[in-house]
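A.B. asks: Sharing a sequence plus its predicted fold:
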Amino acid sequence: MRPAQEAEFREFVAARREALLRTAYLVCGDWHRAEDAVQTSLVKLYAAWNRARSPTVEAYARKIVLRTLIDEGRKGWFRRERTFAAPPRDTHANPGGEDRLIALAALATLPTRQRATLVLRFWEDLSVEETAQALRCSAGTVKSQTARGLATLRQQFQTTRAGVQGVRT
């Protein structure tokens with residue numbers, strides 16, 4: 001890789017690493033696993049940097065992260081090993097703290113495919129077609145996974161909120 005291309009890659013990583021890490025965390029629910037997936041994805045992106053097109057490189061990087069997480073979830077050893085680590089401390093104020101924690105806990109219980117669909121559709125603000133392309137599935141699959149995921153999140157959120165309010169009274 002030429003020095004100019006390497007400089008472009010470093011600039012891209014500096015600008016987009018945190019966003020990729022947040023997306024990976026929302027998909028997998030584990031900061032350590034998210035960091036590993038982003039690191040693996042950036043290595044793959046570095047190898048393909050000459051072929052990457054500037055307007056689509058961010059979408060391509062996000063797609064690599066998602067594919068890495070989904071492929072990792074298919075491995076047999078992953079199903080047996082579970083880690084529980086607290087996310088890094090956020091130095092900024094935590095708006096809607098309790099509701100946000102309930103939503104993150106509910107999101108973590110969803111299957112990987114539904115979680116990835118919801119994160120791409122509502123966190124990354126991708127269209128149905130862009131989400132389908134990133135996940136290599138049909139638009140109908142994205143719609144059904146979104147509907148199922150949202151229904152499950154609503155049900156869990158309402159159940160958890162009712163339980164929290166019951167404890168307070």
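C.D. replies: Thanks, I have it.
A.B. asks: What's the local residue count around the closest residue to K63 other than its chain neighbours?
C.D. replies: Using CB to CB, 6 or more residues apart in numbering and skipping the chain neighbours, the partner closest in space to K63 is A134 (4.7 Å). For the C-beta atoms, the positions are set from N, CA and C on the backbone; glycine is no exception. The burial count assigned to A134 is 22, neighbours taken as other CB atoms under 10 Å.
A.B. asks: got the domain boundaries for the protein?
C.D. replies: Residue ranges for the domains of the chain, per automatic domain parsing: 1-85, 95-169.
A.B. asks: I'd like these written out as a markdown table, with mean pLDDT added.
C.D. replies: As requested, the domains of the chain are exported to a markdown table (pLDDT from 0 to 100):
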| stretch | mean pLDDT |
| --- | --- |
| domain 1-85 | 84 |
| domain 95-169 | 83 |
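A.B. asks: hmm, back to that, name the residues of the helix or strand where the residue nearest to K63 lies that come out as buried.
C.D. replies: For A134, the host element (DSSP states H and E) is helix 128-135. For helix 128-135, the neighbour count (16 or more other CB atoms under 10 Å) marks 128, 130-132, 134-135 as buried.
A.B. asks: Contacts for stretch 105-123, please.
C.D. replies: Stretch 105-123 has contacts (CB atoms under 8 Å, 6 or more residues apart in numbering) with 22-23, 26-29, 62, 66, 69-70, 73, 126, 128, 130-131, 134-135, 142, 145-146, 148-150, 152-153, 156-157, 160.
A.B. asks: gap between stretch 113-130 and the chain center?
C.D. replies: On the basis of CA atoms, centre = their mean, to the nearest Å, stretch 113-130 sits 9 Å off its chain's mean C-alpha point.
A.B. asks: Can you give me the first-to-last residue distance of that stretch?
C.D. replies: Using CA to CA, to the nearest Å, the end-to-end distance of stretch 113-130 comes out at 15 Å.
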